[in-house]
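Next come a sequence and a model predicted from it.
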Amino acid sequence: MDLNFLDLGIVVIYIALVFLSGILMKKYVTGIGDYLVANRTMGFNLGIVSMMCTEIGIITYIYYAELGYKAGFASLIVAFPTMLVYFVLGRTGFIIKPLLRMKIMTIPEFFSVRFSKGVRFYVGILMAVGGILNFGVFPGVEAKFINTVSGIPEGYVLYTMVILLTLVLIYTLIGGMVSVILTNYIQYVLLSFGMVFITIYGVYIVGWDNIVDSVVSNYGEKGLNPFFPSLFEGEFGIGFIIWQFLEWTALLVAWQAIALRLFSSKNSKTGMRIYKWSGLMFLSRAILPIFWGIMAFAYLPERVTGLDALPLFIRAITPSGILGLIFAGLLAASMSTYASYLLSWSSIVSQDIIGVIIRQITKKEISSKRQLFISRLTVAAVMIFIIWWSLSHKLEGYLYFYLQMTGMLFLPGALVSIGFGIYWKKAQNAGAYLAFTLGAIPPILYLVLSEEVKNTWASEFGWGGFLLALIGMVLGSLIQDFFKQRKVKSTSKNQSFTTIRAVG
C-alpha cells in the first residue's frame, strides 16, 4: 500500500468511529417507522447535511470528474439544472408538499392510495429494478478508485468491495435511518475538508493558465461551449438541458434515497426548507468534481480512461498525512451513500413488492416487527446482488448517462403519474400503467445499444421517456374514463328501463 502509517491510522480510526456510532443507535430502533424514516424527527440543519451526504459518494466524484476530463468546461452546464429544481420545489412545494402531508414511507405507497395496489406493485418492481441496477455499479467503480488511491493491487477489488459493504451493512441493519443520519454529521466534516482542499491545492499545483490552455488546445470551442456545434447537437445542448430539468424534478420527487430524507423531516415546512437550500450545496457537489476532472486532464502526463483520471490525480498531488484525511472523507461519502441506498431500495422490495404479496395472500396487515425483519433481510439480499452486478457488468459510454438511464426505467412514469395523480382528477389506473410502461422504453433501448449511439442520442432518449410517459398518462386515463362514462350511462339506462317496466 502507498498509504503511510499516519494515513492508514486516520482511516482506521474513522471507520471504527462510524461503525461504533451506528451500533449505538440500535436502542432507538423499535419499529419500521424508526428504521426507514427515523420516526420523522429530522430537523432543518441535519436534513441539509444528511441530504448532501446521501447523494455524494466516491462514485459521484468519479462520474462528474469523468465529464470534466472528457468534455472540459462545457460539462459545467450539468450543475445548474439540479440547483434550480431544488429551489423551485422547495419554494413552491410543487408535488413534495402533498406527499409530505400523506405521511408515507415509500414512493409506491402513493400509488396504492391514489390509484390501486396493482399499480403500487408494478411501480415497486420498476423502481427496485432501476434503483438496484443503478446502485449495482457503485461497488466495482468505487473499489477500483480506493485501490488506485491507496495502492492496493487491482486484483483485490473484490475484497475491498466486500469489506466496505459488510461494514455498512452491519450498522445499517442494526440502526437503520437513525444510524445513517447520525453518521452523516461525522462524514460531512471530512467531506467538506476534502472537497475544499482538492480544489484549492489542485489549482495551486496545476496552475489556472495551464488548466485553461489544456482544454482550449485539446478540445477547442467544444470544450468551452456546451451548445457547440449548434443548439440542438453535441453531447449537451438544449435537448440535454430539457432532459436534465425533467430528470432532476423526477429524482427529487420519486428517487427513494432522497424521498426517505424528505419523509424523515419533522413536517412539510421543514421538508420544503431542506429542498430550498439544498440547491446551493448540490451546485458545489457537481461543479467541484467536474473541475477536478479538468485539472486531471491538464496535469496527468498520459491520457487515461475518464474513470481513472480522478484517483490518479488525487494520488499524484496530495501530500502524505492529508491523503489519509481525504481518503477517510471519500470513504465517509461512500459509506453514507451505501447505507442510504441499501435502505432505500430494500425498503421498496420489502414494503412494496414482498409486503404487497403477503397482504394479498393473508388478507392481513403485517406487524411492524415483521416488516422490520423483512426489511433487514432484504438489505442483505440487495448487497449480495450488487456485488455480483459490479463484477459482471461492463460499463460503456459515460458513467453519468448510465446512472441517469437506469433511474429512467421508472422516473418518467413516476413524475407524470404523481404529478397528474395529485393535480388531475381524471388520472386513472390505465394512465399510470401506460405512463410507466411507455416511459421505460427509451432507457431500455439506451442500455442495450452501442456506445456510439448512447453518446450521440442520450438526450433524445432522456426527454423522450418523459414525453412518452405524458402521452401514456393522458391517453390511458381518457380511454379508461370514456369506458367508465359509457358503463355509467348503460347502467343508468338499464335502471330506468327496469323502473318503467315495474311501473307498467
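All right, it came through fine.

how near is Asp7 to Ile198?
Between Asp7 and Ile198 the computed distance is 15 Å (C-beta to C-beta, to the nearest Å). In this view, the C-beta of every residue, glycine as well, is placed from N, C-alpha and C.

typo on my end, it should be Ala298
Applying C-beta to C-beta, the value for Ala298 to Ile198 is 14 Å.

Also Ile238?
Here Ile238 is placed at a distance of 32 Å from Ile198 (C-beta to C-beta).

cool, Lys97 as well?
In this structure, Lys97 lies at 37 Å from Ile198, with C-beta to C-beta as the measure.

Quick check: which ranges of the stretch 51-200 of the chain have low pLDDT?
Using pLDDT under 70 as the threshold, the predicted model of the stretch 51-200 of the chain has low-confidence ranges 53-54, 169-188.

quick check: mean pLDDT across the helix or strand Leu323 falls within?
Per DSSP states H and E: Leu323 is located in helix 322-347. Averaged over helix 322-347, pLDDT sits at 77.

For the helix or strand Ile15 falls within, name the packing helices and strands.
Assigned by DSSP H and E, Ile15 falls within helix 5-24. Contacts of helix 5-24 with other secondary structure elements, assessed using 3 or more C-beta pairs under 8 Å, 6 or more residues apart in numbering; DSSP states H and E, are made with helix 157-206, helix 322-347.

Looking at Ile238 and Ile198, which one has more neighbours?
Legend: neighbour count by other C-beta atoms under 10 Å for Ile238 and Ile198, higher for Ile198 (25 against 15).

Not counting sequence-adjacent ones, nearest residue to the more buried one?
Sequence neighbours aside, Trp292 is the residue nearest to Ile198 in space, at 6.0 Å (criterion: C-beta to C-beta, 6 or more residues apart in numbering).

That neighbour against Ala65, yeah?
Yes - checked against C-beta atoms under 8 Å, the pair Trp292 and Ala65 is within contact range at 5.0 Å.

Overlap of the contact sets of those two?
Taking C-beta atoms under 8 Å, 6 or more residues apart in numbering as the contact rule, the neighbours common to Trp292 and Ala65 are Leu310.

how near is Asp209 to Val216?
Computed as C-beta to C-beta, the Asp209 to Val216 distance reads 11 Å.

ignore the last one, Lys103
Lys103 sits at a distance of 54 Å from Val216 (criterion: C-beta to C-beta).

how deep is Gln256 tucked in, by neighbour count?
The local packing count at Gln256 equals 26, with neighbours defined by other C-beta under 10 Å.

residue contacts, it?
By C-beta under 8 Å, 6+ apart, Gln256 lies in contact with 106-107, 127, 131, 344-345, 347-348.

Next, the buried residues of whichever strand or helix holds Gly413.
Element membership for Gly413 (DSSP H and E) is helix 411-423. By 16 or more other C-beta atoms under 10 Å, the buried positions in helix 411-423 come out as 411-422.

same question, stretch 210-220
By neighbour count with 16+ other C-beta under 10 Å, stretch 210-220 contains the buried residues 211-212, 214-215, 219.

Repeat that for stretch 360-379.
Of the residues in stretch 360-379, those buried (16+ other C-beta under 10 Å) are 366, 371-372, 374-376, 378-379.

Go through those and name the one nearest Met335.
Met335 lies nearest to Val379 out of the buried residues of stretch 360-379, by C-beta to C-beta, at 14.3 Å.

Any regions of the stretch 251-400 of the chain where pLDDT drops low?
260-261, 264, 368, 372.

quick one: the helices in it?
In order along the chain, the stretch 251-400 of the chain carries the following helices (DSSP state H, counting those that start in this stretch): 256-264, 268-299, 306-317, 322-347, 355-362, 368-392, 399-407.

just to revisit the earlier point, relative orientation of the helix or strand that the helix holding Gly413 is followed by and helix 411-423 in degrees?
Stepping forward along the backbone from helix 411-423, the first helix or strand reached (DSSP H and E) is helix 429-439. For helix 429-439 and helix 411-423, the angle between their directions (axes from the mean of the first three to the mean of the last three C-alpha atoms, to 10 degrees) works out to 160 degrees.

From the contact counts, what lies against helix 429-439?
Here helix 429-439 is seen to pack against helix 117-135, helix 411-423, helix 451-503 when contacts are counted using 3+ C-beta pairs under 8 Å, 6+ apart.

and Leu165, what is it in contact with?
Contacts for Leu165 (C-beta under 8 Å, 6+ apart) come out as 139, 338, 383, 386-387.

where's it relative to Leu158, distance?
Between Leu165 and Leu158 the distance is 11 Å, computed by C-beta to C-beta.

Overlap in contacts, the two.
Counting by C-beta under 8 Å, 6+ apart, the shared contacts of Leu165 and Leu158 are Ile387.

what's the pLDDT at Pro229?
So Pro229 comes in at 58 (pLDDT).

next one: Arg501
Per-residue confidence (pLDDT) for Arg501: 54.

Over to Thr30?
According to the model's per-residue confidence, Thr30 sits at a pLDDT of 51.

before we move on, back to that, who's more crowded, Trp292 and Ala65?
Applying other C-beta under 10 Å to Trp292 and Ala65 shows that Ala65 carries more neighbours, namely 30 against 24.

so who does that one touch?
With contact set as C-beta under 8 Å, 6+ apart, Ala65 has these partners: 289-290, 292-293, 296, 306, 309-310.

Ok, Ser334 next?
Taking C-beta under 8 Å, 6+ apart, we find Ser334 in contact with 57-59, 138, 142, 164.

rerun at 10 Å
Contacts for Ser334 were tallied using C-beta atoms under 10 Å, 6 or more residues apart in numbering; they are 56-61, 138-139, 142-143, 145-146, 164-165, 168, 187.

Return the closest of the residues you listed with respect to Arg315.
The shortest gap between Arg315 and any of these belongs to Phe145, at 10.0 Å (C-beta to C-beta).

Could you count how many residues lie near the closest one?
Phe145 sits with 23 neighbouring residues when counted by other C-beta under 10 Å.

just to revisit the earlier point, how about the buried residues of stretch 360-379 in a markdown table, adding distance to Ser284?
Rendered in a markdown table, the data for the buried residues of stretch 360-379 read as follows (distance: C-beta to C-beta, whole Å):
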| residue | distance to Ser284 |
| --- | --- |
| Ile366 | 42 |
| Gln371 | 37 |
| Leu372 | 36 |
| Ile374 | 38 |
| Ser375 | 33 |
| Arg376 | 35 |
| Thr378 | 34 |
| Val379 | 31 |
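
which of those lies closest to Gly439?
Thr378 (25.5 Å).

Scan the contacts of Ala65 and report the most crowded one.
Neighbour counts for those were taken using other C-beta under 10 Å; the highest belongs to Leu310, which has 29 neighbours.

For Lys394, see how far away that one is.
Distance from Leu310 to Lys394, counting by C-beta to C-beta: 20 Å.
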